[in-house]
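Engineer: How does the following fold in three dimensions:
(4 chains)
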Protein chains: 2
Amino acid sequence: MEELDRQIVQLLVKDGRMSYTDLGKATGLSTSAVHQRVRRLEQRGVIRGYAAVVDPDAVGLPMTAFISVKPFDPSAPDDIADRLAGVPEIEACHSVAGDENYILKVRVATPRQLEELLARVRSLAGVSTRTTVVLSTPYEARPPRV
Amino acid sequence: MEELDRQIVQLLVKDGRMSYTDLGKATGLSTSAVHQRVRRLEQRGVIRGYAAVVDPDAVGLPMTAFISVKPFDPSAPDDIADRLAGVPEIEACHSVAGDENYILKVRVATPRQLEELLARVRSLAGVSTRTTVVLSTPYEARPPRV
DNA sequence: GGTGAAAGTCTAAGACC
DNA sequence: GGTCTTAGACTTTCACC
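Structural biologist: Here you go, the predicted model:
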């Protein structure tokens, strides 16, 4: 990716609501040139979208956990990610190398909800689970150095 | 949190660039009422900021891994998170309950860079590491159901 | 790929309920 | 907390280079 695009992406990752005017000032381009570049970056899928970053505590989801899952029947076709796609508590699902097949990142309100979620994940996906509870998060969603 | 605020947060998590005008239409409030509420949500820290969501592959960081770390000397004061705060490859750092003390999520370009990063993490923070490489990510950063 | 200008839309602040 | 109003800023499109 070219230097100017890299700069624009970097700026938008740090502040997704930065105006095209300000992006132009920061990069030395005109407003419309920036606008065009951003549109291309969106079309090419480099920029997937924009999101408000929310404090999970403040919206009633103070409990985070990582759930590693492994199928009961390792010979069955792996449709675990699909089976879990509709579970709203799951924020991320990564297929991984190692002892387990997937790592899920989940957010819930209470330990009781985590217990209920684990039961749901096990029965929906036919997996055993190993859960690591997050105690605190010094930082998260830090902008990548693009 | 109140229903209208919940709605606004939900909408902004899905589209961080949605205009106040459109937020007003979606919630049945006037533009300025929405604007006021958003400003309050930002001030109260419910909304921490806004970010462009970027495709890691497209910006040259196709490799993701989780690194669990444990201090060599468990009796030393725990300043691991601080020591690692300046490492740009680390996207998130969670203190966790369980066998290890922290889980880091990292993004790099190549296996060789991951190797170099692991060495850096170990020596900077005085920890042993256990690394789980991500093979693919069916979904990630899904908007929480606020 | 870039610029610059015009029309339309949105933001932000103030007065008022 | 809410609405309405208004000035100014920003976005978006277009003709042109």
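
Engineer: Contact residues of chain A facing DNA strand C?
Structural biologist: A:4, A:29-33, A:36-37 (C-beta under 7 Å from any atom of the strand). All C-beta spots, glycine's among them, are computed from the backbone N, C-alpha and C.

Engineer: neighbours of A:S128, just the number please.
Structural biologist: Using other C-beta atoms under 10 Å in any protein chain shown, A:S128 is surrounded by 13 other residues.

Engineer: OK, contacts around A:I8?
Structural biologist: A:23, A:27, A:34, A:37-38, A:41 (C-beta atoms under 8 Å, 6 or more residues apart in numbering or on different chains).

Engineer: try 10 Å this time
Structural biologist: By C-beta atoms under 10 Å, 6 or more residues apart in numbering or on different chains, the contact set of A:I8 is A:1-2, A:18, A:20, A:23-24, A:26-27, A:29, A:34, A:37-38, A:41, A:46-47, A:146, B:52.

Engineer: swap in A:I90?
Structural biologist: Contacts of A:I90 by C-beta under 10 Å, 6+ apart are A:67, A:81, A:84, A:104-107, A:117, A:121, B:138-139, B:142, B:144.

Engineer: Also near DNA strand D: which of the contacts of A:I8, exactly?
Structural biologist: Answer for the contacts of A:I8 near DNA strand D (C-beta under 7 Å from any atom of the strand): A:Y20.

Engineer: Distance from the chain centre to the lengthiest helix in chain A, please.
Structural biologist: Longest helix in chain A, counting residues (DSSP state H): helix A:111-125. Centre-to-centre, helix A:111-125 and its host chain are 20 Å apart (C-alpha atoms, centre = their mean, to the nearest Å).

Engineer: List the buried residues for that helix?
Structural biologist: A:114, A:117-118, A:121, A:125 (16 or more other C-beta atoms under 10 Å in any protein chain shown).

Engineer: which of those sit farthest apart?
Structural biologist: A:L114 and A:A125 (16.2 Å; C-beta to C-beta).

Engineer: Make sure A:V134 is indeed in a strand.
Structural biologist: Yes. Applying DSSP: H, G, I helix; E, B strand; the rest coil, one finds A:V134 inside a strand.

Engineer: any idea which helix or strand carries the nearest residue to it once chain neighbours are set aside?
Structural biologist: What sits nearest to A:V134 in space, not counting adjacent residues and going by C-beta to C-beta, 6 or more residues apart in numbering or on different chains, is A:T64, at 4.0 Å. Assigned by DSSP states H and E, A:T64 belongs to strand A:63-71.

Engineer: Quick check: mean pLDDT of the next helix or strand after that strand?
Structural biologist: Next along the chain after strand A:63-71, taking DSSP H and E as the criterion, comes helix A:80-84. For helix A:80-84, mean pLDDT is 97.

Engineer: Name all residues that make contact with the residue nearest the centre of chain A.
Structural biologist: Using C-alpha atoms, centre = their mean, the residue of chain A that lies closest to the mean C-alpha position is A:A92, 5.4 Å off. Shown in contact with A:A92 (C-beta under 10 Å, 6+ apart): A:66, A:103-106, B:105, B:134, B:137-142.

Engineer: Report the buried residues of the strand or helix carrying A:T131.
Structural biologist: Assessed by DSSP H and E, A:T131 sits inside strand A:127-139. Residues A:127, A:129, A:131-132, A:134, A:137 are the ones in strand A:127-139 that count as buried (16+ other C-beta under 10 Å).

Engineer: now do stretch A:23-37
Structural biologist: Buried residues in stretch A:23-37 (16+ other C-beta under 10 Å): A:23-24, A:27, A:29, A:34, A:37.

Engineer: pLDDT value on the residue of chain A most remote from its centre, please?
Structural biologist: Computed with C-alpha atoms, centre = their mean, the residue of chain A farthest from its C-alpha average is A:S30, at 32.5 Å. In this model, A:S30 is scored at 91, pLDDT.

Engineer: Over to A:G49?
Structural biologist: 94.

Engineer: Setting the sequence-adjacent residues aside, check what's closest to it.
Structural biologist: Here the residue nearest A:G49, using C-beta to C-beta, 6+ apart, is B:V53, at 4.9 Å.
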